[in-house]
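*Asks:* Any chance you can model this:
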Amino acid sequence: MILNKYIHPSFQASIIALLLTFGFTSTVSAESVDQRKRAARHPQTTAEQLTVLARDEDWEVRRTVASNRRAPAELLHFLAKDEDQRIRITVITNTATADKTHLSLVNDPVLEVRSVLARYEYTTAAVMDQLAQDKSAEIRQEVAKNWNTSFATLERLIKDDFSDVSNTASRELTNRKLKQNE
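*Replies:* Numbers count the residues shown, from 1 in each chain. From the prediction side, this is the model:
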C-alpha cells in the first residue's frame, strides 16, 4: 500500500495504525514497513494499535513498538518473550518497562540479553540480586559494576569463585563506602 506523497507522514502513520487495528492487514504490504514503523513510534498511536503492531511479522516494526515509551507495560512484557533477541534487548532499555518484565529476562537463554540487563542503568537492585547468581562470570562482573547493585549483593559477589568478579565487587563496595563517607 502506497499512501499519497502529499499526505503528511504523521497522518500516514495514523492511517496504517487504523488499518491494522481494524484487521485490514491484507492492505498493508511489505512496501509499508516504514509506514508501520512510523505508526509504531507515533505518539498518537493507541495501545490497541500498538498491540496489533507488536504482532507484526517484521522484526523492525516489533522493535519500534518495544522502544515506544507509551507502550503499556503488559505489551512490553509480551514483547519480552519475542523470539528475536533484538526486540527483547529493546524492551530492557525502554524506561516504561516494569520490574517484573526485567525479572522475567534474568534467565534469558541469550548471554547478550542478560548482559544488557546487567549493564542497564535503570535495572533495579532486585533484578541485580537475581543476575548475581548467573552462571556466566561475565554477567556477574557486570552486576558488580552496576551502580544499582545493593551492598548485600556486592558482599556476596566478593566471595565469587572467579577473581575478576570478586575483585570488581570488592573495588565497587570500597568506592561506594568511601563516597558514602564524604
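*Asks:* Quick check: buried residues in the helix ranked longest in the chain?
*Replies:* Within the chain, and with DSSP state H defining each element, the longest helix by residue count is helix 163-181. Buried positions in helix 163-181, judged by neighbour count with 16 or more other Cβ atoms under 10 Å: 165-166, 168-170, 172-173. C-beta here means a position set from N, CA and C on the backbone, and glycine is covered the same way.
*Asks:* Report the next helix or strand after the helix or strand hosting residue 86 in sequence order.
*Replies:* Per DSSP states H and E, residue 86 falls inside helix 85-92. Scanning forward in sequence from helix 85-92, with DSSP H and E defining helices and strands, the next element found is helix 99-104.
*Asks:* tell me the domain ranges of this structure?
*Replies:* 1-97, 106-182 (automatic domain parsing).
*Asks:* Figure out the helix or strand that the spatially closest residue to residue 90 that is not a sequence neighbour lives in.
*Replies:* Residue nearest to residue 90 in three dimensions, not counting chain neighbours: residue 66, with 4.0 Å by Cβ to Cβ, 6 or more residues apart in numbering. For residue 66, the enclosing helix or strand under DSSP H and E is helix 59-67.
*Asks:* Just the C-alpha atoms of that helix, please, in PDB.
*Replies:* Coordinates of each C-alpha in helix 59-67 appear next as PDB, following Å, rounded to 0.1, in the frame of the first residue of the first chain:
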ATOM      1  CA  TRP A  59      11.100  -7.600  13.500                       C
ATOM      2  CA  GLU A  60      11.800  -3.900  13.000                       C
ATOM      3  CA  VAL A  61       8.200  -3.000  13.500                       C
ATOM      4  CA  ARG A  62       8.100  -5.000  16.700                       C
ATOM      5  CA  ARG A  63      11.300  -3.400  17.800                       C
ATOM      6  CA  THR A  64       9.900   0.000  17.200                       C
ATOM      7  CA  VAL A  65       6.900  -0.900  19.400                       C
ATOM      8  CA  ALA A  66       9.300  -2.200  22.000                       C
ATOM      9  CA  SER A  67      11.000   1.200  22.100                       C
END
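*Asks:* Okay, buried residues for that helix please.
*Replies:* Within helix 59-67, the residues that qualify as buried are 60-67, counting by 16+ other Cβ under 10 Å.
*Asks:* Need those in a markdown table (columns: distance to residue 89).
*Replies:* Listed next are those as a markdown table, based on distance: Cβ to Cβ, whole Å:
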| residue | distance to residue 89 |
| --- | --- |
| 60 | 13 |
| 61 | 16 |
| 62 | 12 |
| 63 | 9 |
| 64 | 13 |
| 65 | 14 |
| 66 | 9 |
| 67 | 10 |
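*Asks:* re the thing from before, what's the separation between the residue nearest to residue 90 and residue 138?
*Replies:* As judged by Cβ to Cβ, to the nearest Å, residue 66 and residue 138 stand 24 Å apart.
*Asks:* Thank you, goodbye.
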